[in-house]
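Asks: please work out how this folds:
(chains A and B)
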Amino acid sequence: MNIHEYQAKQIFAKYGVPTPRGIIANTPDQAVANAKELGGNIWVVKAQIHAGGRGLGGGVKLAKTKEEVRELATEILGMTLVTHQTGPEGKLVQKVYIEEGADIVDELYLSVVLDRAAEMPIIMASTEGGMDIETVAHDTPEKIIKIAVDPAFGFQGYHGRELVFGLGITDKNEQKKMIDFAKKLYTLYMENDAEMIEINPLIKTGSGDFIALDGKMGFDDSALGRHPDIEDMRDISEEDPDEREASQYGLSYIALDGEIGCMVNGAGLAMGTMDTINYMGGTPANFLDVGGSANAETVAKGFEIILKNPKVKAIFVNIFGGIVRCDRIANGILEATKLVDVHVPVIVRLDGTNAAEAAVILQNANIANVITATDLADGAAKAVAAAKGEK
Amino acid sequence: MSILVNKNTKVIVQGFTGGEGTFHAEQCMAYGTDIVGGVTPGKGGQTHLGKPVFNTVKEAVKATGATVSMVFVPPAFVADAVMEAAAAGIELAVVITEGAPVRDMQAAKACATKHGMMTIGPNCPGIITADECKIGIMPGSIFKKGNVGLISKSGTLTYEGANQVCNEGFGITTAVGIGGDPIIGLSYKQLLGMFEADPETHAIVMIGEIGGDLEIQAAAYIKDNVTKPVVAFIAGQSAPAGKRMGHAGAIISGSAGTAKEKMDALSAAGVKVVVSPAEIGKAVKEVLSK
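Replies: Numbers count the residues shown, from 1 in each chain, chains lettered A, B, ... in the order given. Sure, this is the predicted structure:
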């Protein structure tokens, strides 16, 4: 689960990680009131969406008067912001964060992420703040410092020294501040079961302070149960409504661009099914894992969600029954055809537990749109042909 | 021969009396697995499925001599269960549970390593040595005895792969589902080493997916250490970047962890890489007919 910048900064503040002062606004009036409350004579109006690249997309702007704050808030609120991370359809801006201006002397980069190879969190830092870190990693990998911290022993002095000397910070006082910053960030990463924290840029001010000018946080979904405060930060308007609906039925669904709807048990086989469709010259319309507890209701729901997509020309049901029993899936398909108007060909491949019983069920039902397949290759070939209008 | 488990392996079940634990323990026993008891705190002294229930793993190990534990406890208790098994001297914990927090697994694995305990999973179908021992949730009937070892991050692709291998007239020595979480126990590398050393295994199928770099590590290992033919499939060639494809670890982060980079690395290491899982059986036939 991801959260907004303003929410990440609330968590930072709780742990004493310095951030500029700011207040969230839903309307231009609120934005102006926030600017008044913050005081000063320069403010930043920042669109709040779950995607990076907001500045380049026109979602982060500087205001020198309160009238400008009003104009910019009016412009940004309600705009559809397109960045390299939103996809071409963009994201609707529903909130703006009004922040006090900052005195920027230097821009750095700091993040904490899980290093899957090392099996522990790593702190990544760079002097190249404000740039896309993937680009920095690609073009100048020597400018990225990586420091693994073993949670069994925690953040030690040498982690801090590697960080500040790596960043070329020589002033004793600044070194102390940066180490303190990173240590707090590591602590809040661990205590909140974060998956990643990224601050880009982390700025140095004229007075030698380090401040999180931006903040991005994602959390381990499996750990949200023990963090109700973070679960409360969930913004469902940022999530795909179909993906969300599917998850409420225990289905894992992701929309793609193609024409063949897929309903599969198991994430690996679901991806493998998409790959096979591609390999055979078709295009998958979605990823859908019906999970281990599929029944008539979930299968019907799956059909409903797949068929919402007008591009779908055929559906490939590919089940290898382990815990999932094929007869149950076959009955689910029968139920689904009663509950949902399945107007495209459905290619069904059922193998594994109770596959023979399932075949009898489908044969006896004799549904017009249902085509049975003997194995994965046969099913994918039939689905590709059906999507092309061939029989 | 086989790897890790066989008909003599003594197994206990953590989370024995729960719904999942009961159902699958029964299935494993029906397959022939020597389940010698189980652990459910507070139910020690009872008998379940005709086997003794213990309050702690330590008691269970002492009374039964079990060396392997199959773990079915709820996600929030997985780390505790793994650490308990490790401290009690269990040699291998097979963790079926899905949804354990990453931070917990990090700690659990570090603890297991310290005690010299191996872990399989979490979020996996388990391990099966055909016709001898099934520790997990896979349908036993599809694993016919033979000379192909199988390692997979995905449960249903394990079944798909094993089924194709058997349909081509071959069979399985041992199949291991290693799980699709960001932090897992035994990985391709260690298991490839075990299959390489197992005289009964003549070829190895490895099934990977997007996310992380375990398959890349495997490629490097194969190049230097594996003489037996390896067939590989990597799921998610058509997966979009930045999206979690069902498994917690199946995500392309930025430009890292793509199917292509893994397929290229494996091909370069001399592995027979197939682009569709439907080709696994045929590829195995091809490498074994050489």
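Asks: just give me the neighbour total for the residue of chain A found nearest chain B.
Replies: Of all residues in chain A, A:Gly268 sits closest to chain B, at 2.1 Å by CB to the nearest CB. Quick note: C-beta positions are derived from backbone N, CA and C, even for glycine. A:Gly268 is flanked by 32 other residues according to other CB atoms under 10 Å in any protein chain shown.
Asks: do B:Met83 as well
Replies: The number of residues packed around B:Met83, counting by other CB under 10 Å, is 22.
Asks: list the contacts for it?
Replies: Contact partners of B:Met83, counting by CB atoms under 8 Å, 6 or more residues apart in numbering or on different chains, are B:107-108, B:111-112.
Asks: the helix or strand hosting A:Tyr97 packs against which elements?
Replies: Element membership for A:Tyr97 (DSSP states H and E) is strand A:96-100. When contacts are defined as 3 or more CB pairs under 8 Å, 6 or more residues apart in numbering or on different chains; DSSP states H and E, strand A:96-100 packs onto strand A:22-25, helix A:28-38, strand A:43-47, helix A:66-76.
Asks: what residues are bridge-paired with the most centrally placed residue in chain B?
Replies: Nearest residue to the geometric centre of chain B (CA atoms, centre = their mean): B:Gly177, 2.8 Å. Taking DSSP bridges, one obtains B:Gly126, B:Ser152 as the residues bridged to B:Gly177.
Asks: can you check B:Val231 too?
Replies: Beta-bridge partners of B:Val231, counted by DSSP bridges, are B:Val205, B:Lys272.
Asks: hang on, isn't it packed against B:Ala283?
Replies: Yes: with contacts counted by CB atoms under 8 Å, B:Val231 reaches B:Ala283, the gap being 4.4 Å.
Asks: overlap in contacts, those two.
Replies: Here B:Val231 and B:Ala283 have B:272, B:274 as joint contacts, going by CB under 8 Å, 6+ apart.
Asks: okay, these two: which has more neighbours?
Replies: Between B:Val231 and B:Ala283, B:Val231 has the larger neighbour count (other CB under 10 Å), namely 28 against 23.
Asks: ok, that one to chain A distance?
Replies: 14 Å (CB to the nearest CB, to the nearest Å).
Asks: now for B:Ala248: which residues touch it?
Replies: In this structure, B:Ala248 makes contact with A:220-222, B:99, B:102, B:123, B:180-182, judged by CB under 8 Å, 6+ apart.
Asks: revised request: answer the last question for A:Ala35.
Replies: Residues near A:Ala35 by CB under 8 Å, 6+ apart: A:43, A:63, A:66, A:69, A:98.
Asks: determine which two of the residues you listed are furthest apart.
Replies: By the measure CB to CB, the contacts of A:Ala35 have their two most distant members at A:Lys66 and A:Ile98, which lie 10.3 Å apart.
Asks: neighbour count: these two, which is higher?
Replies: Here A:Lys66 and A:Ile98 are compared on neighbour count by other CB under 10 Å; more neighbours surround A:Ile98, at 27 against 16.
Asks: does the more buried one have beta-bridge partners, and which?
Replies: In beta-bridge terms (that is, DSSP bridges), A:Ile98 pairs with A:Ile23, A:Val45.
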